[in-house]
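# The sequence and its predicted three-dimensional model are supplied below.
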Amino acid sequence: MQKVVAVLGGGIGGLSACHHLSKSPNVSKIVLLERSGRCGGWLSSIRRDDGAVFEQGPRGVRPAGAVGRNTLNMVSELGLESEVLPVPKDHVASKNRFLYVKGQLHKMPSGPGGAVRTIPPFSRPIIQSVLKEILIRKGTEEDESVHAFVSRRLGSELADIAIDSLCRGVFAGDSRQLSVRSCFPPLYKAEQSRGSIVLGMLMGSGGGPKVVPSDLAKRASKESWTQWSLKRGIQAFPEAWEDTLKRQERVELHHHAKVKSLNMNGGGWEIKLDDGISLKADHVISTLPASELASVLPPAAQPLSEQLRSIATVTVAVVNLEYEGFILPVTGFGHLVPSSEDPGLLGVVYDSVPFPQHNRSGGLTTRLTVMMGGAWFEQTFGHPDSVTKQTLLDRATKAVNSHLGLNCQPVWSCVALLKNCIPQYHLGHWKRLEKMRQYISNHNLPLTLAGASYDGVSVNDVIFSGRTAAEGLTGKT
Ligand SMILES: Cc1cc2nc3c(=O)[nH]c(=O)nc-3n(C[C@H](O)[C@H](O)[C@H](O)COP(=O)(O)OP(=O)(O)OC[C@H]3O[C@@H](n4cnc5c(N)ncnc54)[C@H](O)[C@@H]3O)c2cc1C
Ligand SMILES: C=Cc1c2[nH]c(c1C)Cc1[nH]c(c(CCC(=O)O)c1C)Cc1[nH]c(c(C)c1CCC(=O)O)Cc1[nH]c(c(C)c1C=C)C2
């Protein structure tokens with residue numbers, strides 16, 4: 001029997017689910033329900049009339065691995081090849097990343113040369129920790145915080161500085177709370193299968209999905225790209241996706257369609273929207289943030305809602321700044337700030353280094369993005385509803401001047417408060433996922449969970465989760 005499938009949420013997870021459902025002959029209708037006036041979710045680019053582009057959410061996507069290839073295959077399918085802005089491996093933005101420690105910028109060690117020398121802020125060569133790591137016994141816990149795992153295997157200095165910063169630069173989160181098993185599965189699997197991160201990386205830990213590369217994905221691998229964006233900004237990706245889906249006969253795309261409640265109806269769902277309209281579907285793929293899904297599920301699904309609510313999120317303040325001229329004392333991707341240095345200031349991205357094409361046309365400018373808050377938002381700024389944009393702007397411009405040793409003011413700025421934008425996979429996240437999926441299966445709920453709340457927060461992971469959800473329902477196409 002052909003099914004009517006409702007996809008909740010029009011972020012990239014929802015768009016991906018719709019796309020793969022639309023390829024199946026077993027689906028008669030796909031209804032995408034998006035609360036806001038556009039699709040794309042956190043993918044949001046500001047395009048100024050003078051040609052400048054500023055990213056409020058993701059700015060670069062990694063091409064590596066099966067999930068990276070899958071995204072590039074989609075870029076090809078949507079006809080966006082000529083729009084791609086690649087950053088190759090030998091680009092300065094790929095080679096240089098910095099840490100701001102004890103009031104100074106330090107280039108993160110990279111390559112074999114960087115591993116054998118003592119490079120501040122570290123007190124000994126990284127190779128020493130790496131060689132010792134091979135001899136450390138395998139842990140016995142089912143899960144561990146990222147910080148505890150790295151302290152145990154590589155020492156507390158790397159955990160306190162490098163890993164603490166990495167968790168802030170990916171999850172805007174606290175490495176002491178985040179789960180290694182869920183946030184960095186390759187590290188966890190390497191220890192499980194080979195007894196060591198180093199051996200796991202050298203020998204491989206097995207498995208992983210297979211994705212046949214498109215010509216674009218082959219080019220990315222041949223030219224060793226480390227990340228890519230699009231000429232009109234990353235938002236051009238969901239825009240092209242939405243345009244393509246709109247042309248499909250079986251796809252109905254609804255903006256301003258906030259899902260208010262889900263109730264079981266026969267073997268399927270009755271979905272009520274905020275504006276009073278209701279519709280029926282045989283199956284629901286939810287790409288809503290977990291706590292939002294919890295708030296629309298029926299009271300009978302309370303055990304599931306409880307688990308969904310326990311997946312926390314953090315709020316990030318994103319401040320885009322534009323300066324006249326080239327003002328940076330160093331060039332590279334940007335710098336991260338460990339929580340011991342300044343908990344509320346996560347890092348600064350030097351956007352005009354990887355993507356100078358996004359500078360305004362004519363004239364030399366520097367574009368930076370300051371990211372603040374995350375797991376430290378409330379302790380730094382108080383409640384997100386009571387902080388002013390001016391406070392955030394002042395904090396960001398002050399940090400830029402002090403970290404980069406400058407004394408200048410931006411000629412343009414934009415402050416965005418992204419409330420609850422990044423899910424946090426805290427200790428035991430894998431167990432919560434197992435319980436939720438078991439509940440859905442035991443109760444025969446026609447419901448699939450996809451999107452950033454569950455199996456990876458990166459653009460690539462989320463797109464792949466939408467595909468997996470669709471194919472799990474319809475079979476591979
Ligand atoms: C500041 C920032 C920087 C990032 N940088 C990177 C990066 O450099 N690289 C990278 O790979 N990833 C990055 N990410 C992560 C990535 O962008 C996100 O994880 C991803 O976009 C999430 O997609 P999603 O579809 O799961 O969710 P969302 O984008 O949250 O989409 C969910 C959609 O559901 C809608 N919705 C919510 N409630 C309802 C409702 N009741 N009814 C109907 N619709 C509803 C929302 O309006 C939204 O459009 C970044 C994220 C942020 C916030
Ligand atoms: C300072 C805060 C943040 C910066 N970017 C993000 C935050 C919260 C969000 C983010 N960044 C990346 C991802 C995707 C991860 C993936 O698996 O693809 C997300 C959700 C990419 C990324 N950024 C940095 C690293 C080390 C990574 C991981 C992948 C990679 O190695 O490229 C570092 C980094 N992020 C930010 C800065 C200032 C910075 C380092 C200099 C901003």
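Yep, that arrived. Numbers count the residues shown, from 1 in each chain. Ligands and ions are numbered 1, 2, ... in the order given.
# now Lys129, what's its secondary structure?
If you look again at residue 129, you'll see it is Ser, not Lys. Using DSSP: H, G, I helix; E, B strand; the rest coil, the structure places Ser129 in helix.
# contacting residues for it?
By C-beta atoms under 8 Å, 6 or more residues apart in numbering, Ser129 lies in contact with 154-155, 157-158. For glycine as for every other residue, the C-beta is placed from the backbone atoms N, C-alpha and C.
# so does stretch 67-79 get close to ligand 1?
No - if you take C-beta under 6 Å from any ligand atom as the test, stretch 67-79 misses ligand 1, and the best it gets is 8.8 Å.
# What residues of that stretch count as buried?
If you call a residue buried by 16 or more other C-beta atoms under 10 Å, then stretch 67-79 has these buried ones: 67-76, 78.
# try stretch 402-418
403-404, 410, 412-418.
# just checking, which of those residues belong to strands?
412-418 (DSSP state E).
# Those also near ligand 1: which ones?
Within those, those near ligand 1 by C-beta under 6 Å from any ligand atom are Leu418.
# Now render the ones in strands among the buried residues of stretch 402-418 as TSV, adding distance to ligand 2 and pLDDT.
Formatted as TSV, these follow (distance: C-beta to the nearest ligand atom, whole Å; pLDDT from 0 to 100):
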residue	distance to ligand 2	pLDDT
Trp412	20	98
Ser413	17	98
Cys414	16	98
Val415	15	98
Ala416	13	98
Leu417	14	98
Leu418	10	98
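# out of the ones in strands among the buried residues of stretch 402-418, who's nearest Asp50?
Taking C-beta to C-beta as the measure, Asp50 sits nearest to Trp412 out of these, at 9.9 Å.
# Just give the nearest non-adjacent residue to the residue of the stretch 151-300 of the chain found nearest ligand 2, would you?
Nearest residue of the stretch 151-300 of the chain to ligand 2: Gly169, at 3.2 Å (C-beta to the nearest ligand atom). The shortest distance from Gly169 to any non-neighbouring residue, by C-beta to C-beta, 6 or more residues apart in numbering, is to Leu336 (4.7 Å).
# And the pLDDT for the one you found?
For Leu336, the model assigns a pLDDT of 98.
# For it, which residues are in contact?
So Leu336 contacts 97-100, 165-166, 168-169, 346-347 (C-beta under 8 Å, 6+ apart).
# what's the answer for Gly374, then?
The contact partners of Gly374, by C-beta under 8 Å, 6+ apart, come to 168, 171-173, 314-316, 346, 422.
# Which of those residues fall within helices?
Among the contacts of Gly374, DSSP state H puts 168, 171 in helices.
# most neighbours, which of the contacts of Gly374?
Tallying neighbours with other C-beta atoms under 10 Å puts Leu346 at the head of the contacts of Gly374, with 29 neighbours.
# Next, the contact list for it, please.
168-169, 172, 316, 336-337, 371-374.
# Out of the contacts of Gly374, flag the one nearest to Gly200.
Nearest to Gly200 out of the contacts of Gly374 is Phe171 (C-beta to C-beta; 21.6 Å).
# Give the residue farthest from the middle of this protein.
Centroid-distance maximum for the chain: Gly266 at 36.7 Å, with C-alpha atoms, centre = their mean.
# so how far is Leu449 from that residue?
Gly266 is 22 Å from Leu449, where distance means C-beta to C-beta, to the nearest Å.
# I'd like the distance between Ser458 and ligand 1.
Per C-beta to the nearest ligand atom, to the nearest Å, Ser458 is found 3 Å from ligand 1.
# pLDDT below threshold where in the stretch 351-477 of the chain?
Counting by pLDDT under 70, the stretch 351-477 of the chain shows low-confidence ranges at 476-477.
# Near ligand 1, which residues of it are found?
Within reach of ligand 1 by C-beta under 6 Å from any ligand atom, the stretch 351-477 of the chain has these residues: 418, 421-422, 451-452, 457-460, 462.
# Helices along the stretch 351-477 of the chain, start to end?
For the stretch 351-477 of the chain, the helices defined by DSSP state H, counting those that start in this stretch cover 377-381, 389-404, 429-442, 459-474.
# For the lowest-mean-pLDDT helix or strand in the chain, list every residue counted as buried.
Lowest mean confidence among the helices and strands of the chain (mean pLDDT, DSSP states H and E): helix 111-116, at a mean of 78. Buried residues in helix 111-116, counting neighbours by 16+ other C-beta under 10 Å, are found at Ala115.
# Spell out which residues of the stretch 151-300 of the chain are next to ligand 1.
Close to ligand 1, as judged by C-beta under 6 Å from any ligand atom, the stretch 151-300 of the chain has residues 258-259, 287-289, 292.
# Quickly check those for the two that are furthest apart.
Pairwise over these, using C-beta to C-beta, the maximum falls at Lys258 and Thr287, 14.2 Å.
# What residues sit buried inside the helix or strand that Ala294 is a member of?
Element membership for Ala294, per DSSP states H and E: helix 290-296. Judged by neighbour count using 16+ other C-beta under 10 Å, the buried positions of helix 290-296 are 290-294, 296.
# The next helix or strand after that helix - contacts with which helices or strands?
Using DSSP H and E, the helix or strand that follows helix 290-296 in sequence is helix 302-309. Helix 302-309 sits against helix 290-296, helix 429-442, with contacts defined as 3 or more C-beta pairs under 8 Å, 6 or more residues apart in numbering; DSSP states H and E.
# neighbours around Thr140, how many?
Residues lying near Thr140 (other C-beta under 10 Å) number 6.
# distance of it from Glu191?
Counting by C-beta to C-beta, the gap from Thr140 to Glu191 is 11 Å.
# Write out the residues of this structure neighbouring ligand 2.
Residues of the chain lying near ligand 2 (C-beta under 6 Å from any ligand atom): 62, 97, 166, 168-170, 172, 333-336, 346-349, 371, 457-458.
# I figured Leu187 hits Leu154, correct?
No - contact criterion C-beta atoms under 8 Å: Leu187 and Leu154 do not qualify, at 10.1 Å.
# what do these two both touch?
Shared contacts of Leu187 and Leu154 (C-beta under 8 Å, 6+ apart): Ile197.
# can you pull out the strands in the stretch 101-250 of the chain?
According to DSSP state E, counting those that start in this stretch, the stretch 101-250 of the chain carries its strands in the segments 104-107, 225-230.
# CSV please, covering the ones you listed and showing mean neighbour count and mean pLDDT.
Listed next are the strands of the stretch 101-250 of the chain as CSV, based on neighbours: other C-beta atoms under 10 Å; pLDDT from 0 to 100:
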stretch, mean neighbour count, mean pLDDT
strand 104-107, 15, 97
strand 225-230, 24, 98
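# Provide a list of residues in contact with Cys408.
By C-beta under 8 Å, 6+ apart, the contact set of Cys408 is 323, 327, 401.
# which one of those residues is nearest Val7?
Taking the contacts of Cys408 together and measuring to Val7 by C-beta to C-beta, the closest member is Tyr323, at 41.4 Å.
# Now the closest one: closest residue in space that isn't a chain neighbour?
The nearest residue in space to Tyr323 (C-beta to C-beta, 6+ apart) is Thr366, at 4.5 Å.
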